[in-house]
Structures are given as C-alpha cells and as structure tokens.
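predicted structure and sequence below. I'll ask about it afterward.
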Amino acid sequence: MTTFPALHRLLAAAALVAGATTAQAATITIACGASAPEIEHCWKHAEAWARKTGHTVRNYTQPASATAALAVYRQLFAAKSSDIDIIRVDVIWPGILKDHLLDLKPYSLGQEAEHFPALVANSTIGGRLLGMPWYTDTGLLYYRADLLAKYKRPAPTTWAELAATAAIVQAGERAAGQKDFQGFVFQAKSGESLTCNAVEWIASFGGGRLVDERGDITINNPQAVRALATAAQWVGSISSVGVLNYAEEDARGVFQNGQALFMRNWPYAWSLLESPDSVVRGKVGVSPLPKGDGPGARHAGTLGGWQLAVSKYSKHPEVAADLVMHMASAAVQKDRAIRGSFNPTRPALYKDPQVVAANSFMASLLGTFEDSVARPSGEAGLKYPSVSLALSNAAHDVLGRKATPEAAVRKLEGQLKLVRRERW
C-alpha cells in the first residue's frame, strides 16, 4: 500500500478552505495498476478528483500477474475487507467476483450507453453493472517497418508469412552482427498471458474458443492441433528458447531494444515504443495479428481490457463510485489515450483528431478491437481460472516439446470435462 503524505496535507487544507469537516471527507484506496506507466497515468486523474472533491486517495499496487492479483482480491473479499475500495477488473473476472462488487447503475446516470456495448454486457451480470469500462485491449502485431523495407518484405497477413519473413530477416541481421536478434517475440510464460496467445492462435486457425457459447467443450479438433503445432515451430527457430519465460514486458524490452522483428503485445506498448529514449522510435508499424490457414481462418486478437469496480465492502461506496465515474469519463479516457496509448472504451473517441494523431493505429484498427475473440470466462464463470490454467499448461508443454499437440489437446479436453463436471 502506497500513501502520499504531501498530497494528504494538501487535500486536508483544501477541505478546510471549502468548509468541509473531517467526518465528511473520505479516504479511497484505488488499485491503479501493476506497472509504472499504468500507475502514472491513473494517479494523475485520481489526484485531480481528490483536489476537486476534498477527499483523500491512496494507491494500491496490485501484483504484476493478473492471476496473482485475482488471488489477492479473492482473499480480501473472502475476509470482507474494506482495505481496497476500487479495483481494476479484468474482462474475465466479472463472473468470478460478481458476489463481491457493487452495482454501479444507481451512480452511472446512464453513462454506460456511451461505451462499447460488448464491454458493458461483459460487466453486467443479473442486470447489475459490476464495472465501468476503463480501457480496452486486443492482441496486436508490432513490426519493424524499417527492416521490412530493408529486406523488401510486406507486413505479414498469415502466420506462415510471418515465419518466412522472420527467418529471412533474423538470418540477415545476425550475419550483420546482431547475434541475439530474434524474428518474433511473444508471451510464452505459463499464465494468463500465454492463455491469451493460445486463444489467438487457436481462433486464427478456425479452432474455436475451447468452450463454445452453449458451454460445450470444443478444444479437441484438428484446427486447434495445427495452431499449437505451428506455434511450437517458432521456439528455437525464429524465437529463442528464452521466450518460454517471456511475459509482456520481457517481450517489449527485447523489441524496444532493437533485437526483434515482430512482437505480439497489447496496445499499451505503442507509447513506450515511441518514447524519446526508445531505440525503435519512428521505426514501428502495427497491424492485426496474422491468421492461420484452412476453414474458418481469421485474424484473431484476444479481447482484453479493464473495468473499474467498487468493492461491496467499501466503507464509502458512494464516494468510490463517484471516483469510478470520473476515471471512466470521456475527458480522462481521451487524456489516457493521448498520453499512454490506452484504448478508449468509448467509440466516439476513435474519431477524435487528437487521439488519432497520438496513436495513428487506433482508427485503422477499430474493427480489430470490435471483433476481438473473447476467452470463455462467461461460460466457465467461477471455474474459469481452472480452465485458463489448463490451457496455459497445455500450450507451454507443447511449446517446450514436453507434449505433442495431439496429446496436449486430448489431455486438455479431459481436464476441462473434469473441471466442468455436470455444469459450469
């Protein structure tokens, strides 16, 4: 837990000037994020709200791993702790945390209608609005535009094209002296990040979503096998074996240091790649992730993003809800998009000239955000963490040559049936 004494004194003075009493002021703890950029771009607006309202805000820095963060929140909620008022809710969490979150409809004044309907629906369970959309995500392909021009190769539209181009450029750059240059970096460390990558690979080959809309387990199919087999071919060839330990920031670090041609990552990486001290500033392009081949092949980026939710155990639910509405407002989302490349959840902002000028890829990839593939968290509900763990482990075993793709999907199918039992 991080506190800010100077800010506290400033707010206390402001409250006295405004005639507020100590009893009227509240202290609200908000989970701004896990990384320094997330916290910076969140805290700025939380501070602004505090100065305006006379309340005090504190930041809780959640674990970097979404899986670990969820575990922490579940422990706090099991104890009915009021230590955290506002949490960041991953798109896959509403069904898991639904019994512990405040219904925001009495406080939203209909603002949810201004956001992407799919995100609002994702946060609405049993007619209760459990989170306000804050920013949305989808998996994207980043590439070195300068190197593609150097080797006269187009941006790939299929995984086969990506592999072929990556091999050519990797060989050329290594021959030129960059011995550690990689063709492709992505997130292969076991965990939710690998789940997102695996969902993209499988969907891009027409292999479905593991669990379909009816709750049927569909993972054991030839397209899913082909997707995992394709990804396994990258490790040790166009990707180093070290990729098996990469999460998002590991991949970004390699790419931003000029040591990779292609990178799979989330939109947040754009502003960092374009920062003044970035080795690759002005040399990067962005496109949808490649598609596979065969029936049902498509471009597929995993739907990601975060909502802001209020704990049912907050001592100041009305005040916390007011801060959530401020953080999800059009003005805050616009500033975060311009300064941090956080994708707005309000479609209107994708036409804002200032937003587009700061993030040239946003307007052109709007359809990619809208057509993202969702993880089966809605169908699996409280059992989703077990579903994700099983998929992540299966994919990691295939990538690490510990299991064949055929054996992995058969085993995964059996594990999912055990998790589901009679029903999800």
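Nice, I can see it.

can you count the residues close to Pro295?
Residues near Pro295, counting by other CB atoms under 10 Å, number 8. All C-beta spots, glycine's among them, are computed from the backbone N, C-alpha and C.

contacts for stretch 76-90 next, please.
For stretch 76-90, the surrounding residues in contact (CB atoms under 8 Å, 6 or more residues apart in numbering) are 1, 28-33, 60, 62, 66, 69-70, 73, 97, 100-101, 123, 130-131, 134, 304-311, 313-317, 319-320, 323-324.

which ones among those lie within strands?
28-33, 60, 134, 304-310 (DSSP state E).

nearest to Leu366, of those residues?
Within the set of the ones in strands among the contacts of stretch 76-90, Gly305 lies nearest Leu366; the separation is 14.2 Å, counting by CB to CB.

can you give me the strands for the stretch 101-250 of the chain?
Read by DSSP state E, counting those that start in this stretch, the stretch 101-250 of the chain holds these strands, from start to end of the chain: 124-125, 128-129, 132-138, 140-144, 182-185.

most packed of these?
A comparison of the strands of the stretch 101-250 of the chain by mean neighbour count, using mean count of other CB atoms under 10 Å, puts strand 182-185 on top with a mean of 26.

which residues touch it?
Identification of contacts with strand 182-185 by CB under 8 Å, 6+ apart yields 162-163, 165-167, 169-170, 234, 237-240, 243, 246, 250-251, 254-255, 259-264.

would you mind checking these for buried ones?
Among the contacts of strand 182-185, those classed as buried by neighbour count (16 or more other CB atoms under 10 Å) are 162-163, 165-167, 169-170, 234, 238-240, 243, 246, 250-251, 254-255, 259-264.

name the residues that touch stretch 117-131?
Applying CB under 8 Å, 6+ apart, the set of residues contacting stretch 117-131 is 89, 91, 94-95, 97-98, 101-105, 108, 112-113, 132-133, 136, 303, 305, 307-309, 345, 370, 374, 378.

narrow the buried ones among the contacts of strand 182-185 to those in helices?
The members of those that map onto helices under DSSP state H are Leu162, Ala163, Thr165, Ala166, Ala167, Val169, Gln170, Trp234, Asp250, Ala251, Val254, Phe255.

can you redo those residues as TSV with pLDDT and distance to Val199?
As requested, those are exported to TSV (pLDDT from 0 to 100; distance: CB to CB, whole Å):
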residue	pLDDT	distance to Val199
Leu162	98	18
Ala163	98	20
Thr165	98	24
Ala166	98	22
Ala167	98	25
Val169	98	27
Gln170	98	26
Trp234	98	17
Asp250	97	20
Ala251	98	17
Val254	98	23
Phe255	98	21
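
now the helices for the stretch 1-150 of the chain?
Along the stretch 1-150 of the chain, the stretches classed as helices by DSSP state H, counting those that start in this stretch are 5-17, 36-53, 66-78, 94-97, 105-108, 117-122, 145-150.

what comes up buried for the second one?
Think helix 36-53. 37-39, 41-43, 45-50, 53.

could you break this protein into its assigned domains?
Taking automatic domain parsing as the domain assignment, the ranges for the chain are 5-130+304-368, 140-302+373-420.

comparing those by mean pLDDT, which bottoms out?
Per-segment confidence across these bottoms out at domain 5-130+304-368, which has a mean of 88 in mean pLDDT.

how far off centre is that one?
Per CA atoms, centre = their mean, to the nearest Å, the displacement of domain 5-130+304-368 from the mean C-alpha position of its chain is 15 Å.

what of stretch 168-179?
Using CA atoms, centre = their mean, the offset of stretch 168-179 from its chain centre is 32 Å.

do stretch 385-396 as well
With CA atoms, centre = their mean as the basis, stretch 385-396 stands 17 Å off its chain's centre.

swap in stretch 299-315?
10 Å.

contacts only, for Gly292.
The contact partners of Gly292, by CB under 8 Å, 6+ apart, come to Thr158, Trp159, Trp201, Ser204, Phe205, Gly206, Gln223, Arg226, Ala227, Thr230.

residue contacts, the second one?
Taking CB under 8 Å, 6+ apart as the criterion, Trp159 is in contact with Trp201, Ser204, Thr230, Pro290, Lys291, Gly292, Asp293.

from Pro133, how far out is Ser108?
Here the distance between Ser108 and Pro133 works out to 11 Å (CB to CB, to the nearest Å).

and if you look at His41?
16 Å.

equivalent analysis for Gly215, please.
Gly215 sits at a distance of 25 Å from Pro133 (criterion: CB to CB).

how about Phe361?
Using CB to CB, one gets 20 Å for the distance from Phe361 to Pro133.

same deal with Leu104?
From Leu104 across to Pro133, the span is 11 Å (CB to CB).

swap in Arg252?
With the distance defined as CB to CB, Arg252 ends up 24 Å from Pro133.

from Leu147, how far out is the closest residue to Ile238 other than its chain neighbours?
Sequence neighbours aside, Gly183 is the residue nearest to Ile238 in space, at 3.3 Å (criterion: CB to CB, 6 or more residues apart in numbering). Computed as CB to CB, the Gly183 to Leu147 distance reads 10 Å.

same deal with Gln62?
With the distance defined as CB to CB, Gln62 ends up 36 Å from Leu147.

over to Thr404?
34 Å.

compare the two and say which is more crowded by neighbours.
Neighbour totals were compared for Thr404 and Leu147, and Leu147 leads with 20 against 15 (other CB under 10 Å).
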